[in-house]
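> below is the sequence, then the predicted model.
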Amino acid sequence: MLIMFLKLILLSLVFSLDHALAHKGIGGEQPLSQIAIHKATLALNQHASVKAYPQILGLHGQDNEWVTVDLENPEPSENDWIGVFSPAKFNESECHQDNDPKQQTPYICTAPVKYQFANFSNPKYTETGNTSINLILINQRADFSFALFTGGLLNPKLVATSNVISFVNPKAPLYPRLAQGKSWNEMTVTWTSGYNIDEAVPFVEWGWEGHSKSQSPAGTLTFPRNSMCGAPARTVGWRDPGFIHTSFLKELWPNTEYTYKLGHLLANGSFIWSRMYSFKSSPYPGQNSLQRVVIFGDMGKAERDGSNEYSNYQPGSLNTTEKLIEDLENIDIVFHIGDIVYSNGYISQWDQFTSQVEPIASSVPYMIASGNHERDWPGTGSFYDTKDSGGECGVLAETMFYVPAENRAKFWYSTDYGMFHFCIADSEHDWREGSEQYRFIEKCLASVDRKTQPWLIFAAHRVLGYSSEKYYGLEGSFEEPMGRESLQRLWQKYKVDIAFYGHVHNYERSCPIFQNKCVNSERSHYSGVVNGTIHVVVGGAGSHLSEFSTLNTSWSLVKDYDWGFVKMTAFNHSSLLFEYKKSSDGKVHDSFTISRDYKDVLACVPGSCEATTLAS
């Protein structure tokens with residue numbers, strides 16, 4: 001018995017290590033973390049130069065623009081690189097040492113917002129010492145400068161700096177993010193600007209097109225460096241996040257097109273406006289109409305100019321983003337279930353991400369869930385004692401995006417969209433039976449009227465159900481440890497249709513399942529009483545892919561080692577189409593349909609039978 005016990009402990013330790021390494025993504029580290037910027041030294045060369053143009057950006061209202069950077073270096077090397085810094089005076093900020101008395105104050109204590117190797121577009125740079133690099137800059141509330149370094153990323157030596165360039169209005173309101181409010185007829189608008197409330201009053205002007213407009217005030221939030229929980233978020237990754245504003249547009253008419261624009265009323269009485277946007281309000285809960293939902297996890301961000309590439313960090317994120325934009329007219333709401341940006345403590349990347357998804361998030365509700373790369377940090381109440389958030393400990397996710405949670409520090413919530421009812425869990429907090437979140441999940445599942453909202457969806461970041469990922473397979477239970485033991489009783493009792501997860505970077509669909517056994521032999525069409533919940537891993541929206549176990553599981557119907565996302569279409573109360581689409585071409589790789597009536601939802605199935613009596 002002792003030997004068996006020791007073997008179990010050893011297996012658990014091996015799994016914990018391998019599992020942690022797998023989900024941290026070896027070879028997929030945050031690119032900015034590869035720069036030892038705190039070790040930078042001066043090696044200024046009077047014959048080297050960096051020139052950037054145009055000097056003024058956004059003259060025609062753009063919030064992003066291409067710039068050209070010309071380099072000249074009389075001593076070029078293949079390890080030379082350009083760092084993009086914002087604010088431009090990158091060596092004049094106060095250095096935060098994160099309670100390490102041994103650490104010397106560095107010359108540069110803030111990471112660049114992006115970087116590119118000098119020979120990226122011109123392999124002959126090492127021969128000529130001359131090249132031009134084209135980069136995209138987004139408006140991030142400050143000016144920019146460019147610095148030429150030699151010595152590679154690990155031993156950077158500053159050779160030359162550029163002129164300063166800036167946007168016409170660096171404080172402009174940008175990157176609106178829509179989200180469902182706490183009631184079905186409320187839409188929230190969150191955006192970022194450089195205006196504090198002592199400079200300007202934020203609001204949204206909105207209404208039906210062609211009708212008089214309303215103005216709704218916005219609340220303003222921000223956070224200081226000391227609200228970060230550790231490095232790099234408190235040190236080289238820190239960047240002023242600006243001001244995050246949220247307005248609540250209430251008493252919306254169902255299925256109605258609204259236009260809106262972001263505004264700031266300045267102290268002198270003038271206005272600063274964003275461009276005009278539009279959205280369609282939510283259907284009345286239970287309304288019978290065409291309703292289309294997209295869901296995915298673990299997308300992250302990438303740069304369209306090829307910068308910030310280290311080991312191909314988020315290879316699928318731009319493809320996923322572009323495919324969603326192309327199909328936006330056929331999407332009503334989006335759920336991004338954790339691992340949003342993978343900023344890992346480099347705060348500038350949240351601006352980059354909100355810019356990337358703006359065409360989506362400004363048009364349809366962009367609902368998020370909390371993942372390990374948003375929340376986890378030791379000693380902060382995370383269920384997992386890891387440093388995956390890079391010191392952000394949930395602050396960025398909770399501030400940059402709105403979710404209709406009672407307490408956004410506890411990132412679980414419910415929301416309705418027509419015939420769908422969603423229960424979004426927070427896998428980075430305890431979900432086990434007896435916990436506060438467990439009580440929420442049961443209340444959320446029990447509260448839905450399946451006659452009017454037949455499609456009941458559960459989602460969480462980590463796999464609390466079933467996954468054939470390699471490291472889950474080594475552990476033997478094919479789930480997050482302690483994942484489904486508490487929750488499968490609730491899924492079955494309340495007859496959850498589909499449970500979605502991210503965290504594992506691939507796609508997998510299970511059979512309808514209860515207690516590890518398939519309860520239905522169909523693969524592509526389910527009708528009548530289904531008897532179990534279908535579990536779907538959809539964490540392949542952008543980040544490095546996760547390998548599958550070599551063990552075959554009886555409940556796994558479809559696996560795909562590729563990037564993609566899921567789209568669900570409810571045609572009415574009886575018909576649902578499920579599609580998994582590849583991010584590379586947008587084509588359907590897996591699909592199934594569900595057809596059933598209300599009486600089928602009422603039917604008694606194993607694990608969900610209510611008590612009966614013979615009393616008359």
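Happy to help now that I have it.
> now do the contacts for residue 357.
177, 321, 366 (Cβ atoms under 8 Å, 6 or more residues apart in numbering). Any C-beta I mention is one placed from the backbone N, CA and C, and that applies to glycine too.
> the last one and residue 358: what is the separation?
Using Cβ to Cβ, to the nearest Å, residue 366 is found at 10 Å from residue 358.
> neighbour-wise, which of the two wins?
Under the neighbour definition other Cβ atoms under 10 Å, residue 366 and residue 358 were set side by side, and residue 366 has more, 25 against 22.
> for residue 33, see how far away that one is.
For residue 366, the distance to residue 33 - Cβ to Cβ - is 26 Å.
> likewise residue 89?
Distance from residue 89 to residue 33, by Cβ to Cβ: 23 Å.
> what do you get for residue 606?
49 Å.
> which residues touch residue 490?
441-442, 445, 496.
> okay, now the closest residue to residue 545 other than its chain neighbours: neighbour count?
Distances taken as Cβ to Cβ, 6 or more residues apart in numbering place residue 505 nearest to residue 545, at 5.0 Å, with adjacent residues excluded. Close neighbours of residue 505, defined as other Cβ under 10 Å, add up to 27.
> list the contacts of residue 246.
188-190, 218-219, 221, 402.
> can you classify it as helix, strand or coil?
Secondary structure, DSSP: H, G, I helix; E, B strand; the rest coil: residue 246 is strand.
> now the residue nearest to it when sequence neighbours are not counted: how far from residue 408?
Counting by Cβ to Cβ, 6+ apart, residue 246 lies nearest to residue 190, which is 4.5 Å off, once chain neighbours are set aside. Residue 190 sits 12 Å away from residue 408, going by Cβ to Cβ.
> now the contacts of residue 246: which count as buried?
188-190, 218, 402 (16 or more other Cβ atoms under 10 Å).
> mean confidence for stretch 448-465?
When pLDDT is averaged along stretch 448-465, the result is 97.
> wait, stretch 484-497
95.
> dump the C-alpha coordinates for that stretch into PDB.
Output in PDB follows, covering the C-alpha atoms of stretch 484-497 (Å, rounded to 0.1, in the frame of the first residue of the first chain):
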ATOM      1  CA  ARG A 484     -16.300  17.700 -13.100                       C
ATOM      2  CA  GLU A 485     -16.700  15.800  -9.800                       C
ATOM      3  CA  SER A 486     -18.900  18.500  -8.300                       C
ATOM      4  CA  LEU A 487     -20.500  20.000 -11.400                       C
ATOM      5  CA  GLN A 488     -21.600  17.000 -13.400                       C
ATOM      6  CA  ARG A 489     -24.600  16.400 -11.100                       C
ATOM      7  CA  LEU A 490     -25.700  20.000 -11.800                       C
ATOM      8  CA  TRP A 491     -25.200  19.700 -15.600                       C
ATOM      9  CA  GLN A 492     -27.300  16.500 -15.600                       C
ATOM     10  CA  LYS A 493     -30.000  17.700 -13.200                       C
ATOM     11  CA  TYR A 494     -30.600  20.900 -15.100                       C
ATOM     12  CA  LYS A 495     -30.000  19.300 -18.500                       C
ATOM     13  CA  VAL A 496     -27.300  21.600 -19.800                       C
ATOM     14  CA  ASP A 497     -27.100  21.200 -23.600                       C
END
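> just checking, residue 194 touches residue 141?
Yes - shown here, residue 194 and residue 141 form a contact pair, counting by Cβ atoms under 8 Å, at 3.9 Å.
> what sits in contact with each of the two?
Jointly contacting residue 194 and residue 141 under the rule Cβ under 8 Å, 6+ apart are 170-171, 242.
> how far away is residue 387 from residue 381?
14 Å.
> more neighbours: which of those two?
residue 387 (18 against 13).
> ok, how many other residues are close to residue 39?
The burial count for residue 39: 15, using other Cβ under 10 Å.
> quick one: it and residue 155 touch, right?
Yes - contact criterion Cβ under 8 Å: residue 39 and residue 155 qualify, at 6.7 Å.
> can you give me the helices in the stretch 351-500 of the chain?
Secondary structure of the stretch 351-500 of the chain by DSSP state H, counting those that start in this stretch: the helices cover 358-361, 372-375, 395-400, 436-446, 470-475, 488-493.
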